[in-house]
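Trainee: dropping a prediction and its sequence here:
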Amino acid sequence: MQQTIEEIKQLIAEGIDLGGADLSKFGAEDAIFGEQGLGLDSLDAVELIMLLQKKYGITVENMQKGREIFKDLGTLAEYIEKNRKK
Amino acid sequence: MENAQEVTGRSNASKLKHTFMYALIFIGGRWLAYAFLYIVVFFYTLSPAIRKKAMPYLSHRFGNLTAWKIFVHTYRLNLTFGRTLIDRAALGILGKTGVSSTEEERELCRRELARGKGLILLSAHVGCWQMAVNLMEFLPGRKHVLYYKNPKDNDKTVAEHGKRKAPFEFINPAGPLGGIVEMMAALQKGEVLCAMGDRVFGNDKNAVTVQFLGGSVRVPYSFYRLAAATGAPIIVMFFPWLTRGEFGSMTMKVLYVKEQSPLKENYVDYAQQFVDELQKFCIKYPYQFFNYFNLWENDHATNH
């Protein structure tokens, strides 16, 4: 899972403007959205979803499911590993 | 500019007043409710607080106004708002209303939807938008409306009156990530998303500054970003109240947003095009703009 987390961080660093934030310190239990974690907001979610679709071919259709998937880097990595099509 | 516009999504009138108006419509039809409306709005407009709420729009739309003119314009604005609310309730309670839209407009919507990229119907808090979203049966497939329903609001939606099933599903902008995941999923499945492009809900970071009625206002740019990401066309459409129990539709423009980087500067022009159309609507229908707060409070704002 650690490798997938690193891939996700790289995707975010390359595809989303985080104002030069250092992502190396974030791990599996860090939140993706909100001030407590990586600090992504709702519009960043558009970019992240597009990036995940392009790289892994995965889709997220409803937020009830999405809430769990995007809870933190670990839950997202786990979902990718189970559902990736690429 | 930390906070977004103060939008409560809550009616000013009490539950008792709403129930009274609903009862009038049920007993005597919309005509009886209209008759009461003239009196209710008159006393309502006597309140300085009510006139103050309408002033930001009226002063930008009409310029400097005398106290008498402020009263008259506020009365007319509130009267039209009341009429739209009565007609909307009548649609829910009696199950009928008149719509004057052309076959060309309906065909345009069907044609854009048939591209298979989804469709964003972008409107504003003007005219009869709440009724219009209930009358979209002419469009195939599932429809979604981005709508914040304050749980404490006393005003009922059309479907809550029980006579008519809502032909759409709500996406809550107060939900996680502002409903972005649901909006993207809907568009990627080729479905319809109806939204309002004139109010910022939540984080002001997702807003851009545009020129409207001689001043700077902040409007969301998320719909243009969504359109760029999914390829969905945007139809800018407003629904003016025409006469008692009848509203029309005005298709102002179709926006095709190019796929481009997420920088907000890329979307300012699209937001400005939307607001330009809104301004045209306000010039044609000066008493159908229902944002009772100061959109211009950050008049000095820029996009940098």
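Mentor: Sure thing, it's come through. Residues are numbered from 1 along each chain as shown, chains lettered A, B, ... in the order given.

Trainee: what does chain A put close to chain B?
Mentor: A:16-17, A:33, A:41-47, A:49-50, A:59-63, A:66-67, A:70 (C-beta under 8 Å from any C-beta of the partner chain). For every residue, glycine as well, the C-beta is placed using N, CA and C.

Trainee: please pull out the lowest mean pLDDT helix or strand from chain A.
Mentor: helix A:63-69 (a mean of 76; mean pLDDT, DSSP states H and E).

Trainee: and the following helix or strand past that helix, what does it pack onto?
Mentor: Scanning forward in sequence from helix A:63-69 by DSSP states H and E, the next helix or strand is helix A:73-83. Identification of packing neighbours for helix A:73-83 by 3 or more C-beta pairs under 8 Å, 6 or more residues apart in numbering or on different chains; DSSP states H and E yields helix A:2-15, helix A:42-56, helix A:63-69.

Trainee: where does chain A have low pLDDT?
Mentor: Within chain A, the ranges that satisfy pLDDT under 70 run A:62-64.

Trainee: circling back: of the residues of chain A next to chain B, buried ones?
Mentor: Among the residues of chain A next to chain B, those classed as buried by 16 or more other C-beta atoms under 10 Å in any protein chain shown are A:16, A:33, A:41-47, A:49-50, A:60, A:63, A:66-67, A:70.

Trainee: pull the residues that contact stretch B:70-82.
Mentor: With C-beta atoms under 8 Å, 6 or more residues apart in numbering or on different chains as the test, stretch B:70-82 has contacts from B:37-38, B:40-42, B:44-45, B:50-51, B:54-55, B:57-58, B:62, B:65, B:241, B:286-290.

Trainee: tell me which residues in stretch B:216-234 are buried?
Mentor: Applying 16+ other C-beta under 10 Å to stretch B:216-234 flags B:216-234 as buried.

Trainee: ugh, typo on my part, it should be stretch A:7-14
Mentor: Buried-residue list, stretch A:7-14, by 16+ other C-beta under 10 Å: A:8-9, A:11-13.

Trainee: next one: stretch B:279-290
Mentor: B:279, B:281-282, B:285-290.

Trainee: circling back: in PyMOL, select just the buried ones from the contacts of stretch B:70-82.
Mentor: Selecting the buried subset of those in PyMOL, with 16+ other C-beta under 10 Å as the burial test, is done by:
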select buried, chain B and resi 37+40+41+44+45+50+51+54+55+57+58+65+241+286+287+288+289+290
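
Trainee: out of the contacts of stretch B:70-82, which are inside strands?
Mentor: B:Trp241 (DSSP state E).

Trainee: in helices only, show me the contacts of stretch B:70-82.
Mentor: Residues of these located in helices (DSSP state H): B:37-38, B:40-42, B:44-45, B:50-51, B:54-55, B:57-58, B:62.

Trainee: from these, which are also near chain A?
Mentor: Of these, not one also sits near chain A (C-beta under 8 Å from any C-beta).

Trainee: now the two most distant members of the residues you listed.
Mentor: B:Val40 and B:Phe62 (23.7 Å; C-beta to C-beta).

Trainee: can you give me the end-to-end distance of stretch B:192-211?
Mentor: 28 Å (C-alpha to C-alpha, to the nearest Å).

Trainee: let me redo that: stretch A:33-52
Mentor: With C-alpha to C-alpha as the measure, stretch A:33-52 spans 15 Å from end to end.
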